[in-house]
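*Asks:* give me a model of this one.
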Amino acid sequence: MKKQRNVLLSFVLMLALVVGISVPYADAAGKVKLSSKKVTVKVGQKKTIKVKNTKKKAKWTIKKGKKYISLSKKKKTSVVVKGKKAGKAVVTAKIGKKKLNCAVTVEEKDAEKKDAEKKDNTPTPATSTDSGTKATPTPTNPSTSNSPTPTPTGSSQDKELEPVQNIVIDLTGLTTTFTSSPAKIDFSKQIESRFDLSLFSQMKVGYELVFADDDKSDFNAGKIGIAQTAGTLDGYDDGVAHNLNAMTVGSTTGTISLSGKSGTVVGINIQPMNGKYNWPDKLVSVTITSIEFIAKAGAVYPDPDAPVVPTPTPGPTYAPEKFVYEGLNTSWIDPEKPMVAFTFDDGPVGNTDTDTSMVIQKALKKYNAHATFFYIGSQINSDAKKAEILSAKENGFEVGNHSWGWNSMSSLNEEAIKKSIEDTNAVLKEITGFNNFMFRAPNLSVSAAMRGYIRAPFANCAVDSKDWMDNPKTTTEQIITNVKAAKDGDIVLMHETQANTAAAIETLLQYFTDAGFQVVSVSEMFAAKGKDLMTGTVYSKCQ
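*Replies:* I've put the predicted structure just below:
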């Protein structure tokens, strides 16, 4: 009997040992799952979703229905879901390569509560007086009543508003490495409707620069600008906020201040530059490695149930409208033939036979060609220079506005932008008798404010002659090679102040004539091809 008790005791101890070992092991090896695959919340209500059977960190996102729910208190293995408006959504927890989904249904508030709220806001009906007769309530004029306005229940002051967290843009699947300008990244699909720049202090951008033979000598800086619309996401625009020195040699992170900025974003423009605002010759590539919006301390998202109070939006002040140059004449152009638009910046120079400006004008006349000349207002300071502009107009060439000076205008305010353009327009009008002129931005630098306040089309370029480069100086042969790359519909950038350009002009005109091209002004090319030019719009070519 004693032997049997010993055997039984041994069996019990062994069983306890097995259970003691196997139970914890089963927990550790349990299937990773969510606490619920489906949850239901009411508008304004919160619920917590947890990940079970793992100690790994989960990445919480709203896969579907961002307008119906919001997420807060994102922790390692849990997140709080809040109902915003009635509808269906899906929350995803990503643990390593595994993704777990939870379907969320958001319902309206309880019917009883809604009825109670409705009852609270219903005027009190007539009541009986002590004598038993009905008292008729005196109508109240809301505009003259001294009664305090009742505060609605559940106002923003009573709610726990969601704190704003840093937003990291997912660069997966986006083009992030560039070998030439224009360079841009569109991440508009990742921006929620409640996003606003005013909630963030700055944007940080990580980058890598690769140089040929490690030669960084011609890299001046790298501009990054934040675009708010698809129209300003063109690889060049300064956007609503920008930093000309966001990319520098020896660094891998740049910042763009968002102080005083508001509104949404669609992406960023990236523009590495040498001293002349062009892609540096020795720069092989730029790779954007990260984009992060840094939340302001204490910032919270506004109450989605609060009444929307419209606020005035500063600029642009003018809606795009059709532009027609007053000196336009396309009767000499064959619209069936290919054409390129020659443009010359930075004049006037003068009207003597040896002035580079007049060498160019005479060559154009000789080859029955036209061009657009963009003039600097402050340089129209002598009778000889005024005579040059008048000669251009009388020869059928287009006269354009290149601002009052050479400096970029993208950082100027509305008043300074308008003054630069209007003062230049006034001088050009005095000479030509015309009222409206096409515009070319100094250094091709354009901001959203410029688009809104300058009532003219913006001429950019599809082909840059690089005749402005000084170190080393672009030769006549290099200018010819660069311009010959122009195709049908391209706008070509040159400068009438450059002697090498004046020396190249006849060779270029002969080349395009022999190739069956017509050399025309910008306005002539668009009109001949049946395309409208619109104010506030940037054009590099006619397509």
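*Asks:* so Lys529 sits against Cys542, correct?
*Replies:* Yes. The pair Lys529 and Cys542 qualifies as a contact (C-beta atoms under 8 Å) at a distance of 5.3 Å. Where you see a C-beta, it was placed from the backbone N, CA and C, and this is true even at glycine.
*Asks:* for the two, list the residues in contact with both.
*Replies:* The contact sets of Lys529 and Cys542 overlap at Gly489 (C-beta atoms under 8 Å, 6 or more residues apart in numbering).
*Asks:* more crowded one of the two?
*Replies:* Cys542 (22 against 16; other C-beta atoms under 10 Å).
*Asks:* show me the contacts for that one.
*Replies:* Ala341, Gly489, Ile491, Met525, Phe526, Lys529, Lys531.
*Asks:* repeat that for Ala441.
*Replies:* Going by C-beta under 8 Å, 6+ apart, Ala441 touches Ser403, Ser408, Met409, Ser410, Met450, Phe458, Asn460.
*Asks:* nearest to Tyr375 among these?
*Replies:* Taking C-beta to C-beta as the measure, Tyr375 lies nearest Ser403 of the contacts of Ala441, at 9.5 Å.
*Asks:* where does pLDDT dip in this structure?
*Replies:* By pLDDT under 70, the weakly predicted segments of the chain are 1-30, 110-159, 307-317, 471.
*Asks:* for Lys55, see how far away the residue lying closest to Ala227 once chain neighbours are set aside is.
*Replies:* Nearest non-adjacent residue to Ala227, counting by C-beta to C-beta, 6 or more residues apart in numbering: Leu233, 3.9 Å away. Distance of Leu233 to Lys55, computed by C-beta to C-beta, to the nearest Å: 42 Å.
*Asks:* wait, doesn't Val399 sit right on Gly433?
*Replies:* No. Counting by C-beta under 8 Å, Gly433 is not a contact partner of Val399; they are 10.5 Å apart.
*Asks:* the more surrounded of the two?
*Replies:* Taking other C-beta under 10 Å, Val399 and Gly433 do not tie; Val399 has more neighbours (24 against 11).
*Asks:* picking up where we left off before, can you list the contacts of Cys542 in JSON lines and add distance to Val249?
*Replies:* Converted to JSON lines, the contacts of Cys542 look like this (distance: C-beta to C-beta, whole Å):
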{"residue": "Ala341", "distance to Val249": "36"}
{"residue": "Gly489", "distance to Val249": "37"}
{"residue": "Ile491", "distance to Val249": "32"}
{"residue": "Met525", "distance to Val249": "40"}
{"residue": "Phe526", "distance to Val249": "41"}
{"residue": "Lys529", "distance to Val249": "43"}
{"residue": "Lys531", "distance to Val249": "42"}
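*Asks:* Thr352 belongs to a helix?
*Replies:* No. Assessed with DSSP: H, G, I helix; E, B strand; the rest coil, Thr352 is coil; it does not lie in a helix.
*Asks:* switch to numbering from 411
*Replies:* Let's use 411 as the start, then, which means that last one is Thr762.
*Asks:* around it, how many other residues sit close by?
*Replies:* 12.
*Asks:* residues in contact with it?
*Replies:* Applying C-beta under 8 Å, 6+ apart, the residues contacting Thr762 are Met768, Ala794.
*Asks:* number of residues surrounding the closest residue to Val490 other than its chain neighbours?
*Replies:* Distance criterion C-beta to C-beta, 6+ apart; nearest residue to Val490, sequence neighbours excluded, is Lys483 at 4.4 Å. For Lys483, the count of nearby residues is 14 (other C-beta under 10 Å).
*Asks:* before we move on, what about Val694?
*Replies:* 11.
*Asks:* do the same with Ala937
*Replies:* 21.
*Asks:* SS state for it?
*Replies:* Looking at Ala937 with three-state DSSP, the answer is helix.
*Asks:* Gly806 versus that one, what's the distance?
*Replies:* For Ala937, the distance to Gly806 - C-beta to C-beta - is 13 Å.
*Asks:* also Met819?
*Replies:* To Gly806, Met819 is 29 Å away according to C-beta to C-beta.
*Asks:* compare the two (neighbour count), which wins?
*Replies:* Higher neighbour count among Met819 and Gly806: Met819, with 24 against 18, using other C-beta under 10 Å.
*Asks:* for that one, give me its contacts.
*Replies:* Ser813, Ala826, Ile827, Ser830, Ala851, Pro852, Ser855, Ser857, Met860.
*Asks:* which helix or strand contains the first one?
*Replies:* In this structure, Ser813 is located outside every helix and strand according to DSSP states H and E.
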